[in-house]
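Novice: turn this into a structure:
(one chain, ligands or ions: 1)
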Amino acid sequence: MTPTITKAVIPAAGLGTRFLPATKAMPKEMLPVVDKPAIQYVVEEAVHAGLHDVLMITGRNKAALENHFDRMYELESTLEAKGDSEKLAKVEYPTDLADVHYVRQGDPLGLGHAVLRAQMHVGDEPFAVLLGDDIIDPRDPLLERMIAVQGERDTTVVALLEVPPSQTHLYGIATVEQTDEDDVVRITGLVEKPPQGEAPSNLAIIGRYVLKPGIFSILERTEPGKGGEIQLTDALLEMANDPTAGGVHGVVFRGRRYDTGDRLDYIKAIVQLAVERDDLGPDLRPWLREFASSLD
Ligand code: G1P
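Specialist: Sure thing, here's the model as predicted:
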């Protein structure tokens, strides 16, 4: 019987240097996207896909993350005394969202190393990995589809997105073969952040994975790769080349995704998400049009 996936792993030990000085004393995962920290979108996505057990891989300077998913008694009782149930609900919601666990990475040796830190918690079952820099629009469910493909094919699954050739050097890039399903490909090759002009395709891994537990023993022996870091992409390539491991498949995502990984994309993500909100969109849209036309 195919095991049901219940666990999500969220690597959150990065230093967030692209956002300095904002991230000097605050984890980058806590940066607000409109009015919610980026990490909360990701935990919500995991929970919506049925993954209620969330393990965050953290590091130094990440206390705010733990506090965000914990109770905040003083604030809660103040809001309760005021009878402000709307704000109280916003404070309580992240606490009750999921069963959140934490383990520290200690040495920041790369994404592969971060995922390996989840071994004890995950055990011998497939699990999901969600990277915090990507926000997937809840109207375009991706993780659910990946979990279904994992179960049907007993394989390891990555999310792929077609990106312009000018961006392939920022991602793990896949070489693929079509399968009998329109949105599913079989991975035949993977390369981490190929130099510009040398990418074998324009299919980029975005930050969602559904991994079989066999990935751990591969990661244990994966040597540092690109940038001197232990790369998850390199371990996945080994898995893809081993038919007894069930191979690696990609789900090609054609929905809405917001990148919050660098400053420009972060600003775009906030604007895109805010214009669609009922409470902000009606005022923001006409202002944006006027502002945009004033730029010329
Ligand atoms: C990581 C992975 C890369 C993947 C990317 C998706 O890179 O190593 O293969 O394409 O996430 O966001 P990072 O962006 O953490 O450098």
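Novice: what's the burial count for the nearest residue to residue 246 once chain neighbours are set aside?
Specialist: Of all residues not flanking residue 246 in the chain, residue 155 sits nearest, at 4.4 Å (Cβ to Cβ, 6 or more residues apart in numbering). All C-beta atoms are positioned from the backbone trio N, CA, C, and that covers glycine. Other residues lying near residue 155 total 21 when counted by other Cβ atoms under 10 Å.
Novice: contacts only, for the closest residue to residue 106 other than its chain neighbours.
Specialist: Closest residue to residue 106 apart from its sequence neighbours, by Cβ to Cβ, 6+ apart: residue 59 at 7.3 Å. Contact analysis of residue 59 by Cβ atoms under 8 Å, 6 or more residues apart in numbering lists 12-14, 104-106, 108.
Novice: PyMOL command for the buried members of those residues?
Specialist: The buried subset of the contacts of residue 59, as determined by 16 or more other Cβ atoms under 10 Å, is captured in PyMOL by this line:
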select buried, resi 12+13+14+105
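Novice: ok, residue 195 to the ligand distance?
Specialist: Counting by Cβ to the nearest ligand atom, to the nearest Å, the gap from residue 195 to the ligand is 14 Å.
Novice: and the residue nearest to residue 246, what does it touch?
Specialist: Residue 155 touches 149, 212, 246-249, counting by Cβ under 8 Å, 6+ apart.
Novice: do I have it right that residue 41 meets residue 137?
Specialist: No - judged on Cβ atoms under 8 Å, residue 41 makes no contact with residue 137 at a distance of 9.7 Å.
Novice: what about those two, which has more around it?
Specialist: residue 41 (22 against 16).
Novice: sec struct for the more buried one, please.
Specialist: Using DSSP: H, G, I helix; E, B strand; the rest coil, the structure places residue 41 in helix.
Novice: the ligand contacts on this structure?
Specialist: 111, 131, 133-134, 171-172, 192, 204-207, 231-233 (Cβ under 6 Å from any ligand atom).
Novice: circling back: can you flag which of the contacts of residue 155 belong to strands?
Specialist: If you go by DSSP state E, these have 248-249 in strands.
Novice: quick one, what contacts the residue nearest the centre of the chain?
Specialist: Geometric centre of the chain, nearest residue: residue 131, 2.4 Å, by Cα atoms, centre = their mean. Counting by Cβ under 8 Å, 6+ apart, residue 131 makes contact with 10-11, 42, 111, 206-208.
Novice: OK, contacts around the nearest residue to residue 280 once chain neighbours are set aside?
Specialist: Among residues not flanking residue 280 along the chain, residue 274 sits closest, at 4.9 Å (Cβ to Cβ, 6+ apart). Going by Cβ under 8 Å, 6+ apart, residue 274 touches 34, 280-281, 284.
Novice: restricted to helices, list those residues.
Specialist: 281, 284 (DSSP state H).
Novice: tell me the confidence at the residue in the stretch 101-250 of the chain that the ligand sits nearest to?
Specialist: Closest residue of the stretch 101-250 of the chain to the ligand, Cβ to the nearest ligand atom: residue 172 (2.6 Å). Predicted confidence (pLDDT) for residue 172: 97.
Novice: list the beta-bridge partners for it.
Specialist: Counting by DSSP bridges, residue 172 is bridged to residue 192.
Novice: any idea how many residues pack against it?
Specialist: 24.
Novice: residue 195 now?
Specialist: There are 9 residues near residue 195, going by other Cβ under 10 Å.
Novice: quick one: residue 159 and residue 74, what's the gap?
Specialist: 40 Å (Cβ to Cβ, to the nearest Å).
Novice: who has more neighbours, the two?
Specialist: Neighbour count, other Cβ under 10 Å: between residue 159 and residue 74, residue 159 has more, with 24 against 8.
Novice: tell me which element the more buried one is part of?
Specialist: strand 156-162 (DSSP states H and E).
Novice: tabulate the contacts of residue 274 in a markdown table, adding columns for distance to residue 117.
Specialist: Output for the contacts of residue 274, formatted as a markdown table (distance: Cβ to Cβ, whole Å):
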| residue | distance to residue 117 |
| --- | --- |
| 34 | 31 |
| 280 | 38 |
| 281 | 40 |
| 284 | 40 |
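Novice: of the contacts of residue 274, buried ones?
Specialist: residue 284.
Novice: wait, what's in contact with the closest residue to residue 144 other than its chain neighbours?
Specialist: Excluding the flanking residues, the one nearest residue 144 by Cβ to Cβ, 6+ apart is residue 49, at 5.0 Å. For residue 49, the contact set (Cβ under 8 Å, 6+ apart) comprises 8, 128, 141, 143-144, 147.
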